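> sequence plus predicted model, see below.
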Amino acid sequence: MRYAILLMGAPYSDQASHSALRFARSVLARGHCLEAVFFYHDGVYNAARLAAPPQDEPHLTDGWVALCEQHDVALQVCIAAALRRGLMDEREAARHGKNGHSVEAPFELTGVGQLVDLSQRCDRLVTFGP
Amino acid sequence: MHHDHDTPAGDLLVILRHAPHGSGWLREGLDVALVAAAFGGDVSLLFMGEGVTALVEDQAAGALDQKGTAPTLRMLEMYDIDTLWVEAEALARFGLSADELMLAPRVLQAEDSAELIRRHARVLTF
């Protein structure tokens, strides 16, 4: 089955991101396809390049990157939700005249249209939120 | 639903459960509804719980200097989003009646909400 995940919870603030990552791993372990994770609302903070949790806690951002590297899961971040919250890649940082960037590949800034597209193309779109 | 002939099965149901000014949930939920409609989807909205207060008339932008959601709600018709539901229970809880709300929403009885959700291929909750 083709799955996609919509994640709207901030990392470490509540359970949503941890549960979404565990669900993602389980879906893949069962042999399903996980097409993409769409980060929206406070979920965009999962894409923060500078996240530095204590070493004895799961590193959520690295966890998502590993999924992308090992299973080709697209990591799509809503650009409108991200920019509002200070999350931007190099290109957007340059466009907005900011020093430094807070999002990098494999996370990609994209529009809500991608979420709509995922919900149409995948068999299941599963939402995780606070 | 008791009147299936005038409420055809929809494609996407967006459920809005948050009031307009206290958080970004309503705004970000409405954004998804508008984009889905712009993509040609048949989109319905269900205002649940404190989400019904989004439809109270004459809302100002608010003290927090946010834009408010009333202007976005007024754009729904332009995007052909004209099926709006409000929970009867939520109306009672906030002392509102459907005829004092903007955009003439239809009232949904609690026992019909499961059926409304079932009739939509996709459901997103904000």
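Yep, that arrived.

> now do the closest residue to B:Gln66 other than its chain neighbours against chain A, distance only.
Spatial nearest neighbour of B:Gln66, excluding adjacent residues (C-beta to C-beta, 6 or more residues apart in numbering or on different chains): B:His21 at 6.5 Å. All C-beta spots, glycine's among them, are computed from the backbone N, C-alpha and C. According to C-beta to the nearest C-beta, to the nearest Å, B:His21 and chain A sit 16 Å apart.

> surely B:His21 meets B:Gly62?
Yes: counting by C-beta atoms under 8 Å, B:His21 touches B:Gly62, with 4.5 Å between them.

> overlap in contacts of those two?
Shared contacts of B:His21 and B:Gly62 (C-beta atoms under 8 Å, 6 or more residues apart in numbering or on different chains): B:Gly68.

> point out where chain B drops to low pLDDT.
B:1-10 (pLDDT under 70).

> who's in contact with A:Glu69?
Counted by C-beta under 8 Å, 6+ apart, A:Glu69 has contacts A:Pro106.

> what do you get for B:Gly68?
Residues near B:Gly68 by C-beta under 8 Å, 6+ apart: B:20-21, B:59-62.

> that one: which element?
Assigned by DSSP states H and E, B:Gly68 belongs to no helix or strand.

> from B:Val35, how far out is it?
20 Å (C-beta to C-beta, to the nearest Å).

> can you map out the strands along the chain?
Just going to use chain A. With strands called from DSSP state E, chain A shows them at A:2-7, A:33-39, A:74-78, A:107-110, A:124-128.

> try chain B instead
B:12-16, B:43-47, B:83-87, B:106-108, B:122-125.

> please identify the most buried of the ones you listed.
Greatest average neighbour count among the strands of chain B goes to strand B:43-47 (a mean of 26), per mean count of other C-beta atoms under 10 Å in any protein chain shown.

> how about the strands of chain A, which one is nearest B:Glu28?
strand A:74-78 (8.2 Å; C-beta to C-beta).
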